[in-house]
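>>> Mind looking at a prediction? Sequence and model below.
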Amino acid sequence: MEWDGKMGYPPEMRESIKKVEATRPARLHETFPMMSPQEKEDILRRFHPDYIASAFREIRIGPNKGDRTPHELADLLEGRPLIDPDALDLEQIDYDTDVLVIGGGGAGSAAALLAREQGAKVIIATKLRHGDANTMMAQGGIQAADKENDSPAIHYLDVMGGGHFVNDPDLVEALVRDAPMVIQWLESLGCMFDKEPDGTMITIHGGGTSRKRMHSARDYSGAEIMRTLRDEVRSHPEDITVLEFSPAIELLMDEKGQVAGAVLQNLETGEHLVVRAKATIIATGGSGRLHYQGYPTTNHYGATGDGLVLAYRVGARLAFIDTMQYHPTGAAFPEQILGLLVTEKVRGLGAQVVNADGEQFVFPRETRDVEASAIIRECVERGKGVRTPTGMVGVWLDSPMIDMIHGPGTIARALPAMVRQFARFGIDITKEPMLVYPTLHYQNGGVAIKPDGSTGIPGLFVAGEASGGVHGRNRLMGNSLLDVVVFGRRAGRAAGQRAKEARLGRLTLEHVRAWNQQLAQAGLLETAKPSPQVLPDYTRKIR
Amino acid sequence: MAEELVPVYIMGKRYDVPPGLTIMKAMEYAGYRLVRGVGCRAGFCGACATVYRLAGDYRLRVGLACQTVVEPGMYLAQIPFYPAPRAQYDITKLQPTFATLVSLYPELLRCLGCGTCTKVCPQELDVKDIMARAMRGDIAGVADKSFDCIMCGMCVSRCPAEEAQYNIFILARRLYGRYIAPRAQHLAKRVQEIEAGLYDQDIQRLKSLSNTELRQLYNSRDIEPE
């Protein structure tokens, strides 16, 4: 019978699995050494996708003119606005609010709750459903230095080192200081963190951590945080209104140069909606669906970088937009789940990364950029990857080791989402390894912010993956869920406070006219791609 | 060798698609640019619940469109939204008891125990059993057994007693997380320490180091063993 995608591994891949099984007993007692600082730098330069110069170009207009970014993002940043400023009547205001939050993921939901605590009326405008976001998909965990042998200062050092020492120190300080507070807040909202019977948080290592500070909720950590925050937002309908299927397609300004809300578009009817707000928070997440360098992605369907485009057109500066994170372990088999996330928690629990011959070739918990580069080297340069029937190549993530290290049943208990995902395609990860290859995972940079989420543009705040600076050039596992809650809360609080004082003038889209002029002067108006992109297009091109 | 296409019927209309595609990718192959019924594309968000039947089989099957491979002759329709009541509450003012569940969701007691919900759960949760636990006031049990619920709404769509299972379950999980699970004492202690400024000096010292000094410190830091 022909292999149809639900029958587990085909025979040629099973041959390699036999080698993995043969080396497993010995490997259980072996630790592959970590790379030296010099080795890390070398492997990044030679194999990390950020160093492929042809994948980048200089941006030709706007605040980051002359800076490098991937072609796909540059095209959208230099894009042509979707609305005609002369065709939209700004006197007709559909929603008038204190705080507008653009994006209904973890950062947006946390921001809405904190703005409400400041007494603000809040609107969350979101592209798809409330909670359709990368937060929902985060599996492994959230970092916080709350154990006896750990401290916010140790966490700080790990974050700076992971980010290659270029992170914004003030943002990192905010991240690590707030971390225990954030975990406690989530605990009080009813998040079910993994705990010992006495309430002690169960914490493990992640790549680049020097202490075991990864808190989890099985391997639905992000889903548990997201659905709890969403349920809390839904508990305050008198103060927080959620507009689903209504992405922002342009920011509004007023005649005083303040950001004053946004134009939304109802995705189902096409209708434009004018939202006037005294403070606006962009919490639109990342841009994995732009598929930089043709990579598959772990990201949500709506992750098209819209917030960066909107902020850029009102003059906000972007930071670290020349670096993306490729998660070392995206699924490389079966084809149906290509590029989807295999959580770093698998390695945190002790699974090793091995090649086609069952040999280790990298310490399993290097930082993500280094780990991903080592896997690319193993497959591309050394030719020790495993080829799938559809021509993909990958290395093994030896999950069965986990039950051998921590006892039978650990995988089922700690990784139910992973077990279920692979079981749907006939693979039992408690007995067989997973084939993995790096996948586009995270936008390391974004709109430059201050610790309160402010951007230097009056009235505009940014939080979460859409912001840039806290993670430098590489984010550590477990610092993204932390980032969205820490900076969502901070931006929400600051926006709520601003809404008490801000006085808006007449609404205007003058900045859009000015942008179109800049495009024309640079000779780009004719060729500019419409942006923001809003959704990817995966339809087969039909006649 | 060109692949043989397989027929699938999207809302009754036939399209021929390559075998091996997920339902979601098959719809996109057919030309649908999805807005509803698509979300994380990885089995976590519950946006793409789909019902289908196979040729010659009376059974109604369910799957997530992003995780289910098409089969020849599959008749399918997505259920991207299904109305379900959600009670209004302030989690800080509740008690983790059966009385709370039943006062917020009185229809809980209408459950017939028919098991239709269990049959349609794409996460293969034993929804009937979890509802039985709710009716016994076993909030910890509901929280534990419903943990993998992605709130797709399939149970709600098929329930003859018109229950809103997934909303009852998240209420139980929040009650458990807030009131029943023991609080982390080390966490409370650390929060107090931070608020008292205990770590301010350490962080300021790190912030004042030169890049070279910080690198040295990082490269020589001790790492907690496994």
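Structure's in. What do you need?
>>> From one end of stretch A:460-480 to the other, what's the distance?
Stretch A:460-480 has an end-to-end distance of 21 Å (criterion: Cα to Cα, to the nearest Å).
>>> hang on, I meant stretch A:233-241
First-to-last residue span, stretch A:233-241, Cα to Cα: 9 Å.
>>> and what of stretch A:52-71?
The first-to-last residue distance of stretch A:52-71 comes to 12 Å (Cα to Cα).
>>> contacts for it?
Here stretch A:52-71 makes contact (Cβ atoms under 8 Å, 6 or more residues apart in numbering or on different chains) with A:49, A:74, A:77-78, A:290, A:292-293, A:312-313, A:315-318, A:321-322, A:324, A:518-519, A:522, A:524. For every residue, glycine as well, the C-beta is placed using N, CA and C.
>>> Would you write a PyMOL line that selects the buried entries of those?
Selecting only the buried entries of the contacts of stretch A:52-71 in PyMOL, with 16 or more other Cβ atoms under 10 Å in any protein chain shown as the criterion:
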select buried, chain A and resi 49+74+77+78+290+292+293+312+313+315+316+317+318+321+322+324+518+519+524
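>>> Which members of the contacts of stretch A:52-71 occur in helices, if any?
Mapping the contacts of stretch A:52-71 onto helices (DSSP state H) picks out A:74, A:77, A:312-313, A:518-519.
>>> residue contacts, A:Val447?
Contacts of A:Val447 by Cβ under 8 Å, 6+ apart are A:282, A:307-308, A:311, A:316-319, A:455, A:462, A:466-468.
>>> next one: B:Gly63
B:23, B:50, B:52, B:122.
>>> just checking, it is part of a strand?
Yes: assessed by DSSP: H, G, I helix; E, B strand; the rest coil, B:Gly63 belongs to a strand.
>>> Run through the bridge partners of it.
On the basis of DSSP bridges, B:Gly63 is bridged to B:Thr50.
>>> What does the pLDDT read for it?
What the model reports as pLDDT for B:Gly63 is 95.
>>> What of the one 10 residues further on?
At B:Gly73, the pLDDT value in this model is 95.
>>> pretty sure it contacts B:Leu54?
Yes: B:Gly73 is in contact with B:Leu54 according to Cβ atoms under 8 Å; the separation is 6.1 Å.
>>> Can you tell me, leaving aside adjacent residues, what's nearest to the residue sitting nearest the centre point of chain A?
With distances taken as Cα atoms, centre = their mean, A:Tyr442 lies nearest the centre of chain A, 4.3 Å away. Closest residue to A:Tyr442 apart from its sequence neighbours, by Cβ to Cβ, 6 or more residues apart in numbering or on different chains: A:Gln325 at 3.7 Å.
>>> Confirm that A:Ile376 sits in a strand.
No: looking at A:Ile376 with three-state DSSP, it is helix, so not inside a strand.
>>> From chain B, how far off is it?
Note on A:Ile376: its distance to chain B, by Cβ to the nearest Cβ, to the nearest Å, is 22 Å.
>>> And the nearest residue to that residue once chain neighbours are set aside, how far from A:Pro438?
Excluding the flanking residues, the one nearest A:Ile376 by Cβ to Cβ, 6+ apart is A:Phe47, at 4.6 Å. According to Cβ to Cβ, to the nearest Å, A:Phe47 and A:Pro438 sit 10 Å apart.
>>> need the contact list for the most centrally placed residue in chain B.
Closest to where the C-alpha atoms of chain B average out (Cα atoms, centre = their mean) is B:Ile150, at 1.7 Å. Contact analysis of B:Ile150 by Cβ under 8 Å, 6+ apart lists A:223, B:43-46, B:122-123.
>>> now swap in A:Asn479 and tell me
So A:Asn479 contacts A:143, A:159, A:162, A:175, A:470-471 (Cβ under 8 Å, 6+ apart).
>>> Dihedrals phi and psi, it?
Torsion angles at A:Asn479 (phi, psi; degrees, to the nearest 10) stand at phi -100, psi 0.
>>> if we can go back for a sec, can you pick the most crowded of the contacts of A:Val447?
Within those, neighbour counts (other Cβ atoms under 10 Å in any protein chain shown) peak at A:Ile282, which reaches 35 neighbours.
>>> That residue reaches A:Arg313, doesn't it?
No: between A:Ile282 and A:Arg313 there is no contact under Cβ under 8 Å: 11.8 Å.
>>> and chain B, which of the contacts of stretch A:52-71 reach it?
Subset of the contacts of stretch A:52-71 in contact with chain B: empty, counting by Cβ under 8 Å from any Cβ of the partner chain.
>>> follow-up on the earlier one: and the residue nearest to A:Ile376, what are its phi and psi?
Dihedral pair for A:Phe47: phi -130, psi -10, per degrees, to the nearest 10.
>>> I figured it hits A:Cys379, correct?
No: the criterion here is Cβ under 8 Å, and A:Phe47 misses it with A:Cys379 at 9.8 Å.
>>> For burial, what's the neighbour tally of the closest residue to B:Ile79 other than its chain neighbours?
Computed as Cβ to Cβ, 6+ apart, the closest residue to B:Ile79 that is not its neighbour in sequence is B:Ala49, at 5.0 Å. Around B:Ala49 there are 25 other residues, counting by other Cβ under 10 Å.
>>> So for B:Ala49, what's the pLDDT?
The model's pLDDT for B:Ala49 equals 97.
>>> go on, A:Phe363?
At A:Phe363, pLDDT is 97.
>>> and if you look at A:Pro451?
So A:Pro451 comes in at 98 (pLDDT).
>>> Am I right that it is in a strand?
No: under the criterion used here (three-state DSSP), A:Pro451 is coil, not part of a strand.
>>> for the closest residue in space to it that isn't next to it in sequence, helix, strand, or coil?
Of all residues not flanking A:Pro451 in the chain, A:Ala174 sits nearest, at 4.2 Å (Cβ to Cβ, 6+ apart). Classification of A:Ala174 using three-state DSSP returns helix.
>>> circling back: I'd like the contacts of A:Val447 as CSV, with pLDDT and distance to A:Arg490 appended.
Below are those laid out as CSV (pLDDT from 0 to 100; distance: Cβ to Cβ, whole Å):
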residue, pLDDT, distance to A:Arg490
A:Ile282, 98, 14
A:Gly307, 98, 17
A:Leu308, 98, 19
A:Ala311, 98, 17
A:Ala316, 98, 17
A:Arg317, 98, 19
A:Leu318, 98, 19
A:Ala319, 98, 17
A:Thr455, 98, 13
A:Val462, 98, 11
A:Ala466, 98, 14
A:Ser467, 98, 10
A:Gly468, 98, 15
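>>> For A:Ile249, state which of the contacts of B:Ile150 is nearest.
Nearest to A:Ile249 among the contacts of B:Ile150 is B:Cys45, at 23.0 Å by Cβ to Cβ.
>>> Let me see the contact set for the closest residue to that closest one other than its chain neighbours.
Nearest residue to B:Cys45, sequence neighbours excluded (Cβ to Cβ, 6+ apart): B:Gly39, at 3.7 Å. Contact analysis of B:Gly39 by Cβ under 8 Å, 6+ apart lists A:128-129, A:132, A:136, A:300-301, B:45-48.
>>> what separates A:Tyr156 from chain B, distance-wise?
6 Å.
>>> Quick one: the helices in chain B, in order.
B:23-30, B:98-104, B:116-120, B:127-135, B:139-145, B:154-158, B:165-175, B:185-195, B:200-208, B:211-219.
>>> Dump the contacts of B:Ile150 into CSV; add pLDDT as well.
As requested, the contacts of B:Ile150 are exported to CSV (pLDDT from 0 to 100):
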residue, pLDDT
A:Ala223, 97
B:Gly43, 93
B:Phe44, 94
B:Cys45, 95
B:Gly46, 96
B:Pro122, 96
B:Gln123, 96
